[in-house]
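S.K.: I would like to see how this sequence folds:
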Amino acid sequence: MSCCGNRRPEIRVSGRTRGIAAKFADSLPALNLFTIEGWQTPPSSSAPPIPACAELWAAGAAALDRLAPGRHPLYKRAQTVHALKMISAKALFRSAAIQSLTGWERLRTGVSYFPLDDTFQQNPFPTYARLRRKDPVHWSPTVNAWVLSLYEDVDATLRDFKRFANDSRKTRGEPPPGEAPEAPSMLSLDPPDHTRMRALVSKAFTPRAVRAMEPRIEELVHELLDELPEGEPVDIIAGLAYPLPVIVIAEMIGVLPEDRDRFKRWSDVMARTLEPTITREELSEAMDARDELIEYFRAVIEERRKNPREDLVSSLVAAEEEGDRLSEAEMYSTLILLLVAGNETTTNLIGNGLLALLRHPDQYQLLRDDASLTESAVEEMLRYDSPVQTDARFVLEDVELRGKVLRRGDQVLQLIGSANRDPRVFPEPRKLDITREENNHLAFGRGIHHCLGAPLARMEGRIAFRALADRYPRIALADPAPRFRDQVVLRGLEALPVVLHRA
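M.R.: Below is the predicted model of the structure:
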């Protein structure tokens, strides 16, 4: 197979191999992360043509045909015929197709973007740097989208809602997975629907309401830390970063303490709907969880209509803008969004941020010595390893960007994690510097979709890190290489085992 410039790669395989490839092609899931159409370049796209899907499978099959059992590492591990049968043929063909696509991608541009690769998920920053340097407006055939990596481009497209839409129904005809067609969340809407809904929700989710939670958040942080053992390994994610935001949002909504476990389970399941890699089984579980949440919220909303309280649900029920109110379905979608997005952002902020501090002990000591740096420390941690790594938009009209033409209907991925490491904007971006003064990061997005819960996440992070720094002169990593979860949009740790030392 050869590939030069924009020339179509030539694939020479036998008829038998093509037959084998075709047999598997239709039964295997597409690699495309954000749409279900498959790998084909959209007809309206100006992206370079790629080999047809069946030809890619054929290429993979041809490569496998050439492998003798004694040469390939997978076969080396298989010592018996039974063991050979245990090797998934689907996985082998899929792997071969991925390698074909990413190899073609690298030949054309000098870089490939495949966010399902474990190496990328554990450390995406080298790939980000290559994208910024070699191909900042990059067509990725594996995700079937344009990938933007420079701060300037990410910032501009996040702001430009007239040409880059959140609402997938405008180009794809359907809402994202996990959302009800009759009432998508604000995350999936554009003006004027987004403007109306956000104005109403903002009346409930006010800065005053967030500030009123501060004493309770401080109390919760200290209660959670009191339960953690000292001098032995403990998972700070399970002990602090995960339960804190769940309890906070549950109390803001008015969830009873005895219902928190169910609330946590629903939150975990629904969080997968933020990821384009969600499986059919996970989507089915998420739909069941959404139905259970709606039933729960229905009872809560009905109660608040009769007996209002000082909580978020009562405020949403009462919210009014020029005679308009949220429908019941809109309240459900809003509450679910606040639950899922709020929990994940804060959990990842605390986990990723603490890991960064522990890998830069001088910065942790600086934070301990000077409490006035807490706010700038949180902002730097948000920039350095952002809780949300990727956002996405749909092109509403043809746009030229750095010599590339993005056609109507194309999808654009904005790499927030890359933009926040752009050396054109942040001097020494790979350095964690909690004294950084110019820190206009994009961790909470930009424009009309700037995260509504950003003040709450910042407050939770500030209180958590201040409490950790005040309590523990030393925190040691119990695992020098904690693993990040299998995610594309979000970035968070599976666990963060540490040893807490009071002295």
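
S.K.: can we go C-alpha only for contacts and neighbour counts from here?
M.R.: Fine.

S.K.: what is the helix or strand harbouring Y332 packed up against?
M.R.: Assigned by DSSP states H and E, Y332 belongs to helix 328-358. The contact analysis (3 or more Cα pairs under 8 Å, 6 or more residues apart in numbering; DSSP states H and E) places helix 328-358 against helix 243-253, helix 260-271, helix 280-306, helix 361-369, helix 374-384, helix 454-471, strand 474-477.

S.K.: now render those as TSV, adding mean pLDDT, distance to I98 and mean neighbour count.
M.R.: Formatted as TSV, the helices and strands packed on helix 328-358 follow (pLDDT from 0 to 100; distance: least, Cα to Cα, whole Å; neighbours: other Cα atoms under 10 Å):
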stretch	mean pLDDT	distance to I98	mean neighbour count
helix 243-253	90	37	21
helix 260-271	86	27	18
helix 280-306	90	21	16
helix 361-369	97	39	17
helix 374-384	98	30	24
helix 454-471	96	37	20
strand 474-477	97	35	18
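
S.K.: out of the ones you listed, which is closest to V489?
M.R.: For V489, the closest of the helices and strands packed on helix 328-358 is helix 260-271, at 10.8 Å, according to Cα to Cα.

S.K.: can you list contacts of that closest one?
M.R.: 178, 246-247, 250, 282, 285-286, 289-290, 293, 339-341, 343-344 (Cα atoms under 8 Å, 6 or more residues apart in numbering).

S.K.: please state the offset of the helix holding Y332 from the chain centre?
M.R.: Offset of helix 328-358 from its chain centre (Cα atoms, centre = their mean, to the nearest Å): 11 Å.

S.K.: now the helices and strands packed on helix 328-358 in CSV, with distance to Q99?
M.R.: What follows is the helices and strands packed on helix 328-358, written out as CSV (distance: least, Cα to Cα, whole Å):
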stretch, distance to Q99
helix 243-253, 40
helix 260-271, 30
helix 280-306, 24
helix 361-369, 39
helix 374-384, 30
helix 454-471, 39
strand 474-477, 35
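
S.K.: closest to Q487 out of the ones you listed?
M.R.: helix 260-271 (10.7 Å).

S.K.: the inter-axis angle of the closest one versus helix 280-306?
M.R.: 130 degrees (axes from the mean of the first three to the mean of the last three Cα atoms, to 10 degrees).

S.K.: what segments of this protein are strands?
M.R.: All strands of the chain, identified by DSSP state E, fall at 137-140, 145-148, 164-165, 233-235, 390-395, 399-401, 404-406, 411-415, 474-477, 497-501.

S.K.: distance to L367 added to the ones you listed, as TSV?
M.R.: Conversion of the strands of the chain to TSV gives the following (distance: least, Cα to Cα, whole Å):
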stretch	distance to L367
strand 137-140	38
strand 145-148	34
strand 164-165	40
strand 233-235	22
strand 390-395	29
strand 399-401	41
strand 404-406	44
strand 411-415	29
strand 474-477	12
strand 497-501	16
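
S.K.: measure stretch 308-319 end to end?
M.R.: One end of stretch 308-319 sits 12 Å from the other (Cα to Cα, to the nearest Å).

S.K.: and that stretch, which residues are buried?
M.R.: By 16 or more other Cα atoms under 10 Å, the buried positions in stretch 308-319 come out as 311-319.

S.K.: what ranges of the chain fall below the confidence cut-off?
M.R.: Counting by pLDDT under 70, the ranges of the chain that qualify are 1-97, 170-183, 320-322, 503.

S.K.: outline the domain layout of it.
M.R.: In terms of domains, the chain is parsed into 1-109, 151-169+181-501 (source: automatic domain parsing).

S.K.: need the winner for burial among those domains.
M.R.: domain 151-169+181-501 (a mean of 19; mean count of other Cα atoms under 10 Å).
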